[in-house]
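>>> Model the structure of this input:
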Amino acid sequence: MSKQIKLDTYTRETIGNAIEDQEGIRGPYDLPEGWKWVRLGDKKLFHIETGSTPKTNVIEYWERGNIKWVTPRDLGKVIGKFIFDTERKITQKGLESCSTTIVPKGSIIISTRAPIGHIAIAGDNMCFNQGCKAIVIRDANHVLSDFVYYTLLTKVEEMNALGSGATFKEISRKKLATILIPLPPLEEQRRIVSRLEQLVNRAEEAKRLRKQAREEAEKIMQAALNKVFSRAEEEGWERAELGKVCEINPAKHEIKNLPDNMQVTFVPMSAVSEVTGKIERPEIRLLGEVKKGYTYFKEGDVLFAKITPCMENGKSAIARGLINGIGFGSTEFHVLRPSSKVHAEWIHFYIRQKSFRDEAAKNMTGSVGQQRVPVEFLRKVMIPLPPLEKQKKMIDYLDKISEIIESLKKLQQRTEGELEKLVPSILDKAFKGEL
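Residues are numbered from 1 along each chain as shown. Have a look, this model is predicted:
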């Protein structure tokens, strides 16, 4: 009940005490003359469409399909404001088999689950899965798609606040419909969009260059990893199955006699940085709160995100500095507990290789958007296993490279963060009539 009260408070106070009176909708701030507040649920102006997924095990729904089918992953890859193509396509039979609908070019498609807030304008007629929703413009005489797109970029935080769910937050169509956007006359919309294009494009180009620099730094790290692990055949190192040198997903029996009021470290997926490969924002919980329903690990274990897209993004870490030496975390972690034959750092550097993650992605199972790396894949992975002393030497070498790369990436990330603040500032002025 308390959560509902908080949500109601947010909706009432933060979204702007929006009430409908005889004059229309009153929003969070006064608009210039001729502008008005409208909701995404205004059926005269918009229609909100939801998506779906055809059964993935029915070949005729997918093979040689030519209907573009958008997922949050596709939206996350978009550069600019338009989405023109998709990773996967469905057939007409696939379309008819589920509740997804083709929306027209110019519709605004939003990822509303895992994660909330990727936004793009459909550059062609296309449909989408259940992780997305689309805003279809019904009245082109009063609403410009590009204008709505830019207003929604300022609503991502609000959408996330309205989202709910345990494993993944999701915003429903009903809650999406409550979101308010300012709407000036059509000619003013065109003027604002034109001005925004100039300013935002400059900021986006700067962000692109920063991102490119960060990716180049990551390439150096990957080259160093490849250099180390490719020496296996050259030097005749032993190779072993990962499942024979690590205990994978160890049982909780060793903690069954510990008191429920003991403090332990708790690691949500968001606490693991794909940039540094470390646990950066852990929480403190009581053992009794987390011992059921969460993944158990202890000091020195290696955490590996098994679900897409976290796995592909490189979320992994060694559990260090745990309170009382014990940790619990997201159920979307696999836990690798090194044996006496291998250092935790050796395992961690190995799974940080992009080549390893690419291979893991090929072996994922499950439905689209919820695919996971199966434990059997990890058990059977063959890893090079030099003597412990040699492992330590190469770990020291990789640590030095990693520190340099990490500092470079953090610097680029900071600069990107500053640029990220610039665009919202421009948008804020635009939608208050100050641009």
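
>>> domain ranges for this structure?
In the assignment given by automatic domain parsing, the structural domains of the chain cover 2-184, 200-230+388-435, 238-385.

>>> can you count the residues close to Lys207?
Summarising burial for Lys207: neighbours were counted as other C-beta atoms under 10 Å, giving 17. To be clear about C-beta, it is placed using only N, CA and C from the backbone, and glycine gets the same treatment.

>>> Starting from the helix or strand harbouring Phe349, tell me the next helix or strand along the chain.
In the assignment (DSSP states H and E), Phe349 maps to helix 344-351. Using DSSP H and E, the helix or strand that follows helix 344-351 towards the C-terminus is helix 354-362.

>>> I'd like the average pLDDT over that following helix.
For helix 354-362, the per-residue pLDDT values average out at 95.

>>> what's the answer for stretch 408-421, then?
On average, the pLDDT along stretch 408-421 is 73.

>>> Keeping just the C-alphas, turn it into PDB.
Listed next in PDB are the C-alpha coordinates belonging to stretch 408-421 (Å, rounded to 0.1, in the frame of the first residue of the first chain):
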ATOM      1  CA  LEU A 408      40.600   6.700 -20.000                       C
ATOM      2  CA  LYS A 409      37.100   5.300 -20.200                       C
ATOM      3  CA  LYS A 410      36.000   7.100 -17.000                       C
ATOM      4  CA  LEU A 411      37.300  10.400 -18.400                       C
ATOM      5  CA  GLN A 412      35.400   9.900 -21.600                       C
ATOM      6  CA  GLN A 413      32.300   8.900 -19.600                       C
ATOM      7  CA  ARG A 414      32.500  12.100 -17.500                       C
ATOM      8  CA  THR A 415      32.700  14.200 -20.700                       C
ATOM      9  CA  GLU A 416      29.800  12.300 -22.100                       C
ATOM     10  CA  GLY A 417      27.900  12.900 -18.900                       C
ATOM     11  CA  GLU A 418      28.400  16.700 -19.300                       C
ATOM     12  CA  LEU A 419      27.200  16.500 -22.900                       C
ATOM     13  CA  GLU A 420      24.200  14.500 -21.700                       C
ATOM     14  CA  LYS A 421      23.200  17.400 -19.500                       C
END
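
>>> which residues are contacting it?
Ala203, Ala206, Lys207, Arg210, Lys211, Ala213, Arg214, Ala217, Glu218, Val275, Thr276 (C-beta atoms under 8 Å, 6 or more residues apart in numbering).

>>> Could I have the buried ones of those as ChimeraX selection syntax?
Under the burial definition 16 or more other C-beta atoms under 10 Å, those of these that qualify are selected in ChimeraX by:
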select :203,207,210,211,214,217,218,275
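
>>> ok so, going back, with distance to Arg190 added, can I get the domains of the chain in JSON lines?
JSON lines is the format used below for the domains of the chain (distance: least, C-beta to C-beta, whole Å):
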{"stretch": "domain 2-184", "distance to Arg190": "6"}
{"stretch": "domain 200-230+388-435", "distance to Arg190": "13"}
{"stretch": "domain 238-385", "distance to Arg190": "36"}
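
>>> Just give me the lowest mean pLDDT stretch among the ones you listed.
If you rank the domains of the chain by mean pLDDT, domain 200-230+388-435 sits at the bottom with a mean of 83.

>>> and it, how far from the chain's centre?
The gap between where domain 200-230+388-435 is centred and where its chain is centred comes out at 16 Å by C-alpha atoms, centre = their mean, to the nearest Å.

>>> Give me the contacts around stretch 236-255.
When contacts are defined by C-beta under 8 Å, 6+ apart, stretch 236-255 is touched by residues 231-232, 287, 291, 295-298, 301-302, 326, 334-339, 341-342, 347, 375, 378-386.

>>> if you look at these, which of them are in strands?
Filtering those for membership in strands, criterion DSSP state E, returns 295-298, 302, 326, 334-338, 382-385.

>>> Is it possible to mark the buried ones in those?
By the neighbour-count criterion of 16+ other C-beta under 10 Å, these include these buried positions: 295-298, 302, 326, 334-338, 383-385.

>>> dump the residue contacts of the residue nearest the centre of the chain.
Averaging the C-alpha coordinates of the chain gives a centre point, and the residue nearest to it by C-alpha atoms, centre = their mean is Pro115 (4.8 Å). Taking C-beta under 8 Å, 6+ apart as the definition of contact, the neighbours of Pro115 are Pro72, Gly76.

>>> can you tell me the helix or strand for the nearest residue to Arg357 once chain neighbours are set aside?
Sequence neighbours aside, Glu312 is the residue nearest to Arg357 in space, at 5.9 Å (criterion: C-beta to C-beta, 6 or more residues apart in numbering). Using DSSP H and E, Glu312 sits within helix 310-313.

>>> Paired strands for the very next helix or strand once past that helix, with orientation please.
The element immediately downstream of helix 310-313 (helix or strand, assigned by DSSP H and E) is strand 316-318. Based on DSSP bridges, the strands next to strand 316-318 in the sheet, each with its direction, are strand 302-305 (antiparallel).

>>> what about the helices in the stretch 151-300 of the chain?
Secondary structure of the stretch 151-300 of the chain (DSSP state H, counting those that start in this stretch): helices located at 156-162, 173-176, 186-229, 231-235, 242-245, 287-290.

>>> Kindly export the first one (C-alpha atoms) in CSV.
Included here for helix 156-162 are C-alpha records, laid out as CSV according to Å, rounded to 0.1, in the frame of the first residue of the first chain:
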residue,chain,number,x,y,z
VAL,A,156,12.3,9.3,-19.8
GLU,A,157,12.8,9.9,-16.0
GLU,A,158,9.0,10.3,-15.6
MET,A,159,8.4,7.1,-17.5
ASN,A,160,10.8,5.2,-15.3
ALA,A,161,9.1,6.6,-12.2
LEU,A,162,5.8,5.3,-13.5
